[in-house]
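Enquirer: what's the 3D shape of this:
(one chain, ligands or ions: 1)
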Amino acid sequence: MIEFEPPVALIELIMSLRAKGIQSRRVLAAMERTPREEFVDGSYAEDAYRDQALPIPCGQTISQPYIVALMTEALDVEDGHTVLEVGTGSGYQTAILAQLANRVYSVERYRTLKEKADARFAAIGLTNIKTMLGDGRDGYPAQAPYDRILVTAASPDIPAPLVDQLADGGIIVLPVGGPHDIQKLLRLEKSGGELVETILAQVRFVPLVPGQASDL
Ligand code: SAH
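Expert: Have a look, this model is predicted:
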């Protein structure tokens, strides 16, 4: 990672995340080291360190920092882990995961977003991320099993291939629900083939869109 001196607005954001209940020092430190302004479009740069979701190209959104922190904390990522992310989007969440894990594989269905994210990872010097263009509902069998899986778009069901590609003892965090519903953010831990479920929060994510990768 490049050297990055956190601006005052980012330090204030980190303090507000602590006040909202985020406790993991590793997660907060990774967020404090990551220039979110690099992951939003220029016109939103001023809002980069506010605790809010912002629009990104292709009608998608960069997640709210609190939700990124909550999901990452619940995922409990360790140094040696291999992580699968579904929905690269801006790449901001991917960048946080990459600083906590050994390697991150991330699937995105929009070429535009994948390529922009790749350029950002190169610019800030993150070299342990591989992005793929495709339908993340299928996971990425080539590198399975994964210690951790994070899904950043909501679907009414839990895609079965993702559960299959999760290692035993692994954790998956994902929003479940329809596009117009209040969705549940779930944490599922795979233990002896069973899934132990915890509801983390009520959330609103863009939909996990089935089907082929778009060429946009
Ligand atoms: N963590 C990202 C969130 C982006 S929004 C960020 O903070 O920037 C969710 C992303 O999931 C969008 O980029 C959307 O294009 C992508 N997505 C939706 N359905 C998908 C699918 N089936 N496979 C892969 N990516 C998908």
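
Enquirer: backbone phi and psi for the spatially most central residue of the chain, please?
Expert: Centroid-nearest residue in the chain, with C-alpha atoms, centre = their mean: residue 93, separated by 3.8 Å. Phi and psi for residue 93, reported as degrees, to the nearest 10, are phi -60, psi -40.

Enquirer: Wait, a helix at residue 80?
Expert: No - Residue 80 is assigned coil when assessed by DSSP: H, G, I helix; E, B strand; the rest coil, not a helix.

Enquirer: Apart from its chain neighbours, what residue comes closest to it?
Expert: Excluding the flanking residues, the one nearest residue 80 by C-beta to C-beta, 6 or more residues apart in numbering is residue 102, at 5.2 Å. Quick note: C-beta positions are derived from backbone N, CA and C, even for glycine.

Enquirer: How about the contacts made by the one you found?
Expert: Counting by C-beta atoms under 8 Å, 6 or more residues apart in numbering, residue 102 touches 79, 80, 81, 82, 128.

Enquirer: one more time with 10 Å
Expert: Applying C-beta atoms under 10 Å, 6 or more residues apart in numbering, we find residue 102 in contact with 77, 78, 79, 80, 81, 82, 83, 128, 147.

Enquirer: Just the buried ones among those residues, please.
Expert: By neighbour count, with 16 or more other C-beta atoms under 10 Å, the contacts of residue 102 hold 77, 81, 82, 83, 147 as buried.

Enquirer: distance of the residue nearest to residue 80 from the ligand?
Expert: 20 Å (C-beta to the nearest ligand atom, to the nearest Å).

Enquirer: Could you give the backbone dihedrals for that residue?
Expert: phi -80, psi -40.

Enquirer: remind me which residues of this structure are low pLDDT?
Expert: 212-216 (pLDDT under 70).

Enquirer: and with 90 instead?
Expert: 1-3, 41-42, 179-181, 193, 210-216 (pLDDT under 90).

Enquirer: Residue numbers of it in contact with the ligand?
Expert: 58, 60-63, 86-87, 89-90, 92-93, 107-110, 113, 135-137, 152-153, 206, 208-209 (C-beta under 6 Å from any ligand atom).

Enquirer: Show the buried residues in those.
Expert: Using 16+ other C-beta under 10 Å, the buried members of those are 58, 60-63, 86-87, 89-90, 92-93, 107-110, 113, 135-137, 152-153, 206, 208.

Enquirer: In strands, which of these appear?
Expert: 60, 61, 62, 86, 107, 108 (DSSP state E).

Enquirer: The closest residue to the residue nearest to the centre of the chain other than its chain neighbours: neighbouring residues, count only.
Expert: Distances taken as C-beta to C-beta, 6+ apart place residue 68 nearest to residue 93, at 5.3 Å, with adjacent residues excluded. Residue 68: 27 surrounding residues under other C-beta atoms under 10 Å.
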